[in-house]
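Engineer: Show me how the following folds:
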Amino acid sequence: MYIIPLIYLLLQISYVSSTHLLVNWGNSSYVSNTSVTLQVVVNPDIRRGSKIHSGTFQALANLGADNVRFVPWLPYPELGVAELYPPTGGPVCATVPTGQQVHLSCPSGHFTAFEFASYGNPSGACGHFKKSACDNDVRDLFEEHCLDRRTCNVLVNYTVFGKTKCTGPVRLSFQALCSNSTKSTSWNFDLIDPIVEDFMKAQQNKSVIINFSTIPQWMWNSPVASSWPTDPDNVTWTYEQGTSLRDDTLQEVAQYYARLVSYYTQGGFEDEYGEFHQGYKYDFQTWEVLNEIDSEHHMSPEYYTRVYDAIVSAIQEVNPTIKFMGLALAYRNVSYLQYFLDPDNHLPGIPIDGVSFHFYASSYYRTNATDFQTFFAQVDEVIPIIRDLVAVRDELSPHTIVDMDEVGVILPNDTNSDPFPTQPDPTYWAAAGAMYAYMWCQVIPLGVEIFGESQLVGYPSQFPSVSMMDYESYGQPNTRYWVLFLLHQHFQPGDIVLETLVNSVEVFAQAFSTPTGRKVLIINKTTQQQSVIFWDAEGATFEYVDITTQDYPPSTMTLTSGGFMIQPFCTG
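Structural biologist: Numbers count the residues shown, from 1 in each chain. As a prediction, the model looks like this:
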C-alpha cells in the first residue's frame, strides 16, 4: 500500500542534486542475525610496556563485543609458538607419505640408532609404531645413509625402499635415537601469557574465538631450516616452511594443541616427558583451527580436513565443551567449503560448529583519496561469491555458523620495513571504516552470522592500514574503531531490516527497527560532501564518524530539519 507512492516519489525527485531517503517503516524485509566484532592479532605493540598497550586493551573492554578473535600469528614466533624446539633426549620420529622427501635431524648430537623404520602401511605414533604384514623393514637403509650424521635427507618412494604388497596409501614411519640423551622440552609461555591475560581481562565475560594459528616449524617437512629473530619484537615472514607435517598420523600436532588448550582451560598439562606445566582455567568458547590454510602452508581441503579432525579429536579429550571453527580461508574458494562441510569427509563425531573466511579490499595508492572510493565497488564484486559460500553451508551443514573474521583494507607496501610505507591519506581511516559498515549491511541478507573487523592493532611492517588504533599516539582508537563502536552500540542480531529507498549511488542507507527505536544507517561512499534529504529525520539525533572526527568518539547533532550535510566517507 505504501511502496508504490514511495517509488513514484523517488523517481520524481531523482533529478535533484541532494540524496533523498525514504523508509517504509511498515514493511520489514528480514531479521538481521549478523553481529559485528573484531580480531586481535598478537604483535609487539600490544605487549606490556608498549606506549599504546593500556589504551588498546581499554578500547577492547569499552567495545564489549562478543566473538572477538584472538590470533597469535607467524611474524612473531616467540609470541605465538609455545614449543619452539622439539623435545630432546627422546626418539626422533616421523611418518611421511610416499613421494615426499624426509628431512631428518637431531636437535643436537648425531643419529646413534634407528629403532624402527618401515615402508608400507605402518601404524601408530612415536614410541608406539607397529609394522604391518605387507611392510618393508628399511632400518638397514637408514643406518647405512644416516648413522653418525646430524642431518639426513631421504626421498620416500619404492625406488629407494622397494615395492610393497600393501594396498592404499603407502608411507614411511621411522624412529631414531640421537647421541644427546638429556631429556628436555622447550615449552615456554613467559612471553605469551601476559598477552593472553590482558586479552581475557579486557573481554571480561564476553565470548572469544581463540586461534593459535602457527604450528611449530619443526613439525613440518621442510628442506629449509627455520630461523627467527632472537628479539621477540622483530618481525619475520619466513618462519613457516613446508606443505606437509612430518608425522603423517598427525598425532604430534594434535597433541601440541591439546596441551595448549589444557594449559589455558584446564589448569595445566603434562609435557612429552611427564612434567606438569601449571596454567589457567579460562573459558574459551570457540577454538579456530589454523589460519588461511589455503595460503600459509597451501593445504588442500583434503589434507586440512585430516589435520582439523586430528586436532579437534585431541582437544575434545581435554575440553569436551569447546566449539570449533575451521578453514579461515584467504581466497574464498568454494571447493574448500564443499569438501570441508560435507560430514562424510570427517571422522565420526567431529563437529563443524563454524566456518570462516576473509576479505580485504585494496587500493593502487596509499595517498589518493579518490581511489578509496573503489572499496565499495570491490565489496559489490565479492558479494556473489560470499552468497555462493553461504549457500554451500546451507546445503551441506546448515547448523554451522559463518564467520567473516577478517574484514578490512590492505594498502600497497603495507609490510615494508625498510623504508616503512608512507602514511595513508588522512581520509583513508574514515573510508575503510565506511567500507566495513557498508559490507556489514550487504552480508546481513546472505546469512553471515559473525562479521569481524581486522584488526585492533597494526603498525608499520605489520599491516598498518588495518589498524584500529592510532599506533603513533598513546593508545587512542582511530576512525575505523569508532565505526565499529557505533555499529555495536546501535545494532544487534534480532533487529528488523526495513525497506529503504535511496536515489543516489553515492550514498547508502539502511533502516532498522531495533528494541531501542527506529534507526537509519547512512554512509557517504565518496570524497565529496553530500546533501541528504530525509523528512522523517527532523528532530532526530544524528551520531556519526567521518574525516572531521578523526581519533575521537562519534559526534552527535540534532537535526532541525529533514535536510542535512554529511562529510566525505561519513558513517552515521
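Engineer: and the longest helix for the chain?
Structural biologist: helix 374-396 (DSSP state H).
Engineer: Identify each buried residue in that one, please.
Structural biologist: Across helix 374-396, burial judged by 16 or more other Cβ atoms under 10 Å covers Thr374, Phe375, Phe376, Gln378, Val379, Ile383, Ile386, Leu389, Val390, Val392, Arg393, Leu396. Where you see a C-beta, it was placed from the backbone N, CA and C, and this is true even at glycine.
Engineer: Distance of the third one relative to Leu191?
Structural biologist: Here the distance between Phe376 and Leu191 works out to 40 Å (Cβ to Cβ, to the nearest Å).
Engineer: re earlier: tell me which of the buried residues of helix 374-396 is nearest to Leu250?
Structural biologist: The nearest member of the buried residues of helix 374-396 to Leu250, counting by Cβ to Cβ, is Leu396 at 23.4 Å.
Engineer: picking that back up, of the buried residues of helix 374-396, just say which sits nearest to Gly447.
Structural biologist: Closest to Gly447, out of all of those and judged by Cβ to Cβ, is Val390, at 5.0 Å.
Engineer: what about the one helix or strand Cys93 maps to, average pLDDT?
Structural biologist: Assigned by DSSP states H and E, Cys93 falls within strand 92-97. Mean pLDDT, strand 92-97: 84.
Engineer: Contacts made by that strand with the rest, please.
Structural biologist: 86, 102, 104-107, 111, 122, 125-127, 129, 156, 169-178, 221, 244, 246-249, 252 (Cβ atoms under 8 Å, 6 or more residues apart in numbering).
Engineer: Pick out the most distant pair among the buried residues of helix 374-396.
Structural biologist: Thr374 and Leu396, at 33.8 Å, using Cβ to Cβ across the buried residues of helix 374-396.
Engineer: My guess is Glu288 contacts Phe70. True?
Structural biologist: No: assessed by Cβ atoms under 8 Å, Glu288 is found out of contact with Phe70, at 9.4 Å.
Engineer: the more surrounded of these two?
Structural biologist: Glu288 (24 against 21; other Cβ atoms under 10 Å).
Engineer: Identify the bridge partners of that one.
Structural biologist: Taking DSSP bridges as the rule, Glu288 bridges to Met325.
Engineer: Likewise for Ala509?
Structural biologist: Ile522.
Engineer: Tell me how far it lies from Ala361.
Structural biologist: In terms of Cβ to Cβ, Ala509 sits 21 Å off from Ala361.
Engineer: Between those two, which is the more surrounded one?
Structural biologist: Ala361 (23 against 20).
Engineer: what's downstream of the longest strand seen in the chain, the next helix or strand?
Structural biologist: When the chain is parsed with DSSP state E, its longest strand is strand 19-31. Heading C-terminal from strand 19-31, the first helix or strand you meet, by DSSP H and E, is strand 35-41.
Engineer: How far off centre is that following strand?
Structural biologist: 10 Å (Cα atoms, centre = their mean, to the nearest Å).
Engineer: what's the answer for stretch 244-261, then?
Structural biologist: The chain centre lies 20 Å from the centre of stretch 244-261; the measure is Cα atoms, centre = their mean.
Engineer: Which pLDDT value goes with Pro87?
Structural biologist: 89.
Engineer: quick one: it and Asn180 touch, right?
Structural biologist: No: Pro87 is beyond contact range of Asn180, at 11.0 Å (criterion: Cβ under 8 Å).
Engineer: if you count what's nearby, which of those two comes out ahead?
Structural biologist: Pro87 (19 against 15).
Engineer: Phi, psi for that one please.
Structural biologist: The phi/psi pair for Pro87 (degrees, to the nearest 10) reads phi -60, psi 140.
Engineer: Check whether Thr236 really touches Pro77, as I assumed.
Structural biologist: Yes: look at Thr236 against Pro77 with Cβ under 8 Å: they come within range, at 7.1 Å.
Engineer: okay, and the common contacts of those two?
Structural biologist: By Cβ under 8 Å, 6+ apart, Thr236 and Pro77 have these common neighbours: Trp228.
Engineer: In the stretch 101-250 of the chain, where is pLDDT below threshold?
Structural biologist: Residue ranges of the stretch 101-250 of the chain with pLDDT under 70: 181, 223-225.
Engineer: For stretch 60-73, list the C-alpha coordinates in CSV.
Structural biologist: This file holds the C-alpha atoms of stretch 60-73, laid out as CSV (Å, rounded to 0.1, in the frame of the first residue of the first chain):
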residue,chain,number,x,y,z
LEU,A,60,38.7,-3.5,23.6
ALA,A,61,37.0,-3.5,27.0
ASN,A,62,34.9,-0.4,26.2
LEU,A,63,33.7,-2.1,23.0
GLY,A,64,32.3,-5.1,24.8
ALA,A,65,32.0,-7.3,21.7
ASP,A,66,31.4,-11.0,21.7
ASN,A,67,33.2,-13.5,19.5
VAL,A,68,36.4,-11.5,19.5
ARG,A,69,39.0,-13.4,17.6
PHE,A,70,42.5,-13.7,19.3
VAL,A,71,45.3,-14.7,17.0
PRO,A,72,49.0,-15.3,17.9
TRP,A,73,50.5,-15.3,14.4
